[in-house]
Every structure is written in C-alpha cells, then in structure tokens.
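Q: Got a sequence here, can you model it:
(2 chains)
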Amino acid sequence: EPEVTQTPSHQVTQMGQEVILRCVPISNHLYFYWYRQILGQKVEFLVSFYNNEISEKSEIFDDQFSVERPDGSNFTLKIRSTKLEDSAMYFCASSSAPGGYEQYFGPGTRLTVT
Amino acid sequence: SQKIEQNSEALNIQEGKTATLTCNYTNYSPAYLQWYRQDPGRGPVFLLLIRENEKEKRKERLKVTFDTTLKQSLFHITASQPADSATYLCALGASGNTGKLIFGQGTTLQVKP
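A: This next block holds a predicted model:
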C-alpha cells in the first residue's frame, strides 16, 4: 500500500539554525500539507500546497517558514531560523483531491530545538 | 474563535462493548468532518469522512454521525478490541479547495480485555 514517507525521523538543531524537513507524498497525489503537533497538544495546520503554490497557510506559518516541491517527488518544509518553540512533531500529508477527501499522513519528523 | 472539543478524559471500556466518542464544535460551519486514529509517536491514520449533508456513515465496526444543528459528531466502535486502544482525533474541514483540517485534541480510548 502506498504511503507518505518523511526524513529524518528525528532532527536536533540549535536555536537560530535552518532546518529542512523532507517528505515524499504518495505518487499520484497532487495536494500536499504540513501540520505540526507540539508534545501533548493537538495537531495544527501549517500550510496546504497545490500546483506549486501555497493554497492556504495558518498564522503559525510566518516568514520563517517556506515550502517547496523541488522535483516530482519531494515536498519540503524549511524553517529559516529555528526557535525553541518550533520543537514539535511535523507531519506531512497528501491527498488526491482537496477539501473533503482523506489525507494520508507520514510518520512525522520530531524536531528538537536546543 | 473556532473551537473543537473532544472528551478530554480517557475512555476506558471492556472488550466487546461499544465505544462512543464525542466531537463538539462552535463558531464553525464545517463542510465535512473526518475521524483519524493516532497511535503514540505516529501520524494520524484516516478512518471515516462524513459530509454536512450526511447523517451517518459506516465502515465495518465503525459508525459516525453528524448533526449540524447540535454541532456534534459521534464516533462509535462496536465490538471493541484491545487493538482499538489509541487516540481518536476529530477534524473539521471547510468548503473550498485548500484541504485545511482543524483538529480536536483527541480522546484516548483504552479497551481492556
């Protein structure tokens, strides 16, 4: 069964450093998402992406964040200058259609900012 | 502001019984509602989707209802098994094409043998 994959599984970085989280969505999906989950809290939407453009972003997704689909398979989330409060589990998801269709989530990348 | 509430306390039930989880929302008019399962340290796994014009959906031992007047969804697992023990997340989506989901904090279900 196809699945979303994410790398790395765990990333430790120092405050102020840039990180890139990588995702390989399901191959025939066209809609991509990033969510985050701070330990013990709810899953929060960050951004949706379609046709090489951001469809919607949340208030969390400020100028420090960016997304890119550098090739036909990868989808990345970059945090330019990490803060302690960026420590969280970051989930990538993809779907075959937008709104009203199931989203397939990856296993997540645990980001720890020290 | 938009608010989604799920049973904050863990739900403990005996194997074979029906588990009923609740999702209530305010200040929101979702076009659809989804239920996901999340195991510790893992990503959410899609279970069921129900649209605003649907009252009930079933899939094997799972059933979801959606009452837009009460602003509530109920999620039922019949003949529960210890393997059903997990956190269950309610997620709401608006009309439009962005796919953004707003999640509740989840309810942890523990099924005891």
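
Q: going forward, measure contacts between C-alpha atoms and count neighbours the same way
A: Fine.

Q: Please report phi then psi for the residue in chain A positioned nearest to chain B.
A: Nearest residue of chain A to chain B: A:Gly99, at 3.9 Å (CA to the nearest CA). As for A:Gly99, its main-chain torsions (degrees, to the nearest 10) stand at phi 10, psi 110.

Q: mind checking how far it is from A:Ala93?
A: 13 Å (CA to CA, to the nearest Å).

Q: between these two, who's got more neighbours?
A: Neighbours were counted for A:Gly99 and for A:Ala93 using other CA atoms under 10 Å in any protein chain shown; A:Ala93 has more, 29 against 20.

Q: can you pull the contacts of the closest residue to that one other than its chain neighbours?
A: Leaving aside its sequence neighbours, A:Ala93 sits nearest to A:Phe105 (CA to CA, 6 or more residues apart in numbering or on different chains; 4.2 Å). Contacts here follow CA atoms under 8 Å, 6 or more residues apart in numbering or on different chains; on that basis A:Phe105 touches A:3-4, A:91-94, B:43-45.

Q: let's go with 7 Å and repeat that
A: A:4, A:91-94, B:43-45 (CA atoms under 7 Å, 6 or more residues apart in numbering or on different chains).

Q: Serialize those to TSV and add fields for distance to A:Phe75.
A: Formatted as TSV, these follow (distance: CA to CA, whole Å):
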residue	distance to A:Phe75
A:Val4	11
A:Phe91	12
A:Cys92	8
A:Ala93	10
A:Ser94	10
B:Gly43	17
B:Pro44	19
B:Val45	20
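
Q: Show me which of these is closest to A:Arg22.
A: Nearest to A:Arg22 among the contacts of A:Phe105, counting by CA to CA, is A:Cys92 at 8.5 Å.
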